[in-house]
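**Q** Provide a 3D model corresponding to the input given below.
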Amino acid sequence: MILRKDEVTRTLVETAKMIYAEQADDEDVPTSVRDLDSFNLVQIVLELENNYDVRLFEGLQPYRAGEGYRSGDFEEFAEVIVAIAAEQGPAEDEEAHA
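**A** Below is the predicted model of the structure:
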């Protein structure tokens, strides 16, 4: 599946703002991926999977060991998401072969 980095970046930022707005005790909106705790990062990844019909958690596994996407900004994380989606190909093809 081909995703556009600018669209994914915008979705990341909007989703982070939405999640933080729902948490009354957390007023600081994250400005980068490194500002997210693991729970919020999981929520954002699940939202991206739903929005774009891609499987991201499996593709993110190589980044868990090191700093990877946790050390960058939303644009860098969007690049990772776009690359993972591109490796998966069209979502319809995946379901047909499952």
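
**Q** could you point out which element follows the lengthiest helix in the chain?
**A** Secondary structure assigned by DSSP state H gives helix 5-22 as the longest helix of the chain. Scanning forward in sequence from helix 5-22 by DSSP states H and E, the next helix or strand is helix 38-52.

**Q** In the helix or strand just after that next one, which residues are buried?
**A** Per DSSP H and E, the first helix or strand lying C-terminal to helix 38-52 is helix 57-64. Residues 59-60 are the ones in helix 57-64 that count as buried (16 or more other CB atoms under 10 Å). Yep, even glycine has a C-beta here, placed from its N, CA and C like the rest.

**Q** What is the helix or strand following helix 57-64 packed up against?
**A** Tracing the chain past helix 57-64, the next element assigned as helix or strand by DSSP H and E is helix 74-88. Packed against helix 74-88 by the contact rule (3 or more CB pairs under 8 Å, 6 or more residues apart in numbering; DSSP states H and E) you find helix 5-22, helix 57-64.

**Q** cutoff 10 Å now
**A** Identification of packing neighbours for helix 74-88 by 3 or more CB pairs under 10 Å, 6 or more residues apart in numbering; DSSP states H and E yields helix 5-22, helix 38-52, helix 57-64.

**Q** quick check: mean pLDDT across it?
**A** Averaging pLDDT along helix 74-88 yields 90.

**Q** For it, list the C-alpha coordinates in PDB.
**A** Taking Å, rounded to 0.1, in the frame of the first residue of the first chain, the C-alpha atoms of helix 74-88 are listed here in PDB:
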ATOM      1  CA  PHE A  74       6.600  12.700  13.900                       C
ATOM      2  CA  GLU A  75       7.900  13.000  10.300                       C
ATOM      3  CA  GLU A  76      10.600  10.400  11.000                       C
ATOM      4  CA  PHE A  77       8.000   8.000  12.400                       C
ATOM      5  CA  ALA A  78       5.800   8.700   9.400                       C
ATOM      6  CA  GLU A  79       8.700   7.600   7.100                       C
ATOM      7  CA  VAL A  80       8.800   4.300   9.000                       C
ATOM      8  CA  ILE A  81       5.000   3.800   8.700                       C
ATOM      9  CA  VAL A  82       5.100   4.600   4.900                       C
ATOM     10  CA  ALA A  83       8.000   2.100   4.400                       C
ATOM     11  CA  ILE A  84       6.100  -0.600   6.400                       C
ATOM     12  CA  ALA A  85       2.900   0.000   4.400                       C
ATOM     13  CA  ALA A  86       4.800  -0.100   1.100                       C
ATOM     14  CA  GLU A  87       6.300  -3.500   2.000                       C
ATOM     15  CA  GLN A  88       2.800  -5.000   2.600                       C
END
